[in-house]
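A.B. asks: The sequence and its predicted three-dimensional model are supplied below.
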Amino acid sequence: MLNFNPDEIKKMVKDKYSEVARDPCAVFNFPVGRAFALKVGYPKEILDKLPQSLYESFTGANNPQPFVELKLGETVLDLGCGAGMDLYFYAQKVGERGKVYGLDISEDMAEKARKNMDIAGVKNAEVKIGHSDNLPFGDNFFDVVTSNGIYNLSPDKEAVMRQAFRVLKPGGRTVFCEIVLKKALSEEERKNANDWFRCIGGALPEEDFLALMEKVGFKNIEVISKIRNARTGHKLALCANIRAYKI
């Protein structure tokens, strides 16, 4: 992947996750769908009541729901919303006075998320197509910015973090799940496109990731927990659940 420019990498990511939207039962080298969602803690009793289209294309890094701690009336942005499963849960938590926005690079995922919100009867969600390094929102707009494994897929992680910081209100927070590394990968592994889509090839060592967050302005950065799951097949990979604030 080191031989590709950022636009080429984004195109490859868009195409790969569009495949997941269109054909979630195809064979991928990363976990997709309900079985993985259940393993990382999404509640079976709720998934049982949701349309299959809402969870069949789930490709997150973990389950951020226990850590986001949303309040009624908050405005939330989910970066890389996919087919909308996290959006569904966020919409319930902020209530009818709150609003959730999803953003995805893939037109297929965004369209699937819109349809899923309609099918599930969610009225307080809006889904946009766009790039996380150039968000189509004004400054100081959101109470919370969330994501579930998108930084490792982004060629310019600093730009994504700066955008997340920009659109947060003062006092707002970002809470997300992300693949981080115990130490840097070899150059050979970083070149491998398959490892990139597994959210490994583009991942940063944990200390570098947190330093980048601090560089763009985030304060009170906290790694809430670190686990291993089906997304962390590489021996150096961990899934970190992280919270930080815009002061």
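C.D. replies: Great, that's in hand. Residues are numbered from 1 along each chain as shown.
A.B. asks: for the helix or strand that contains residue 118, which positions count as buried?
C.D. replies: Here residue 118 is covered by helix 107-119, with elements defined by DSSP states H and E. Residues of helix 107-119 classed as buried: 108, 109, 110, 112, 113, 114, 115, 116, 117 (neighbour count, 16 or more other C-beta atoms under 10 Å). Where you see a C-beta, it was placed from the backbone N, CA and C, and this is true even at glycine.
A.B. asks: which stretches of the chain aren't confidently modelled?
C.D. replies: 1-2, 191-196, 198 (pLDDT under 70).
A.B. asks: Look up how far residue 17 lies from residue 27.
C.D. replies: According to C-beta to C-beta, to the nearest Å, residue 27 and residue 17 sit 15 Å apart.
A.B. asks: and these two? which has more neighbours close in?
C.D. replies: residue 17 (24 against 6; other C-beta atoms under 10 Å).
A.B. asks: Excluding chain neighbours, give the residue nearest to the more buried one in space.
C.D. replies: Across the structure, with C-beta to C-beta, 6 or more residues apart in numbering as the measure, the residue nearest residue 17 apart from its sequence neighbours is residue 106 (4.9 Å).
A.B. asks: which residues touch that neighbour?
C.D. replies: With contact taken as C-beta atoms under 8 Å, 6 or more residues apart in numbering, residue 106 is in contact with 14, 17, 18, 21, 129.
A.B. asks: can you redo those as TSV with distance to residue 139?
C.D. replies: Compiled in TSV, these are given as follows (distance: C-beta to C-beta, whole Å):
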residue	distance to residue 139
14	26
17	28
18	30
21	31
129	21
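A.B. asks: Which one (most neighbours) among these?
C.D. replies: The most crowded member of those is residue 17, carrying 24 neighbours; neighbours defined as other C-beta under 10 Å.
A.B. asks: Please name the bridge partners of the nearest residue to residue 206 once chain neighbours are set aside.
C.D. replies: Excluding its sequence neighbours, the residue lying closest to residue 206 (C-beta to C-beta, 6+ apart) is residue 180, at 4.1 Å. For residue 180, the residues forming beta bridges with it (DSSP bridges) are residue 204, residue 238.
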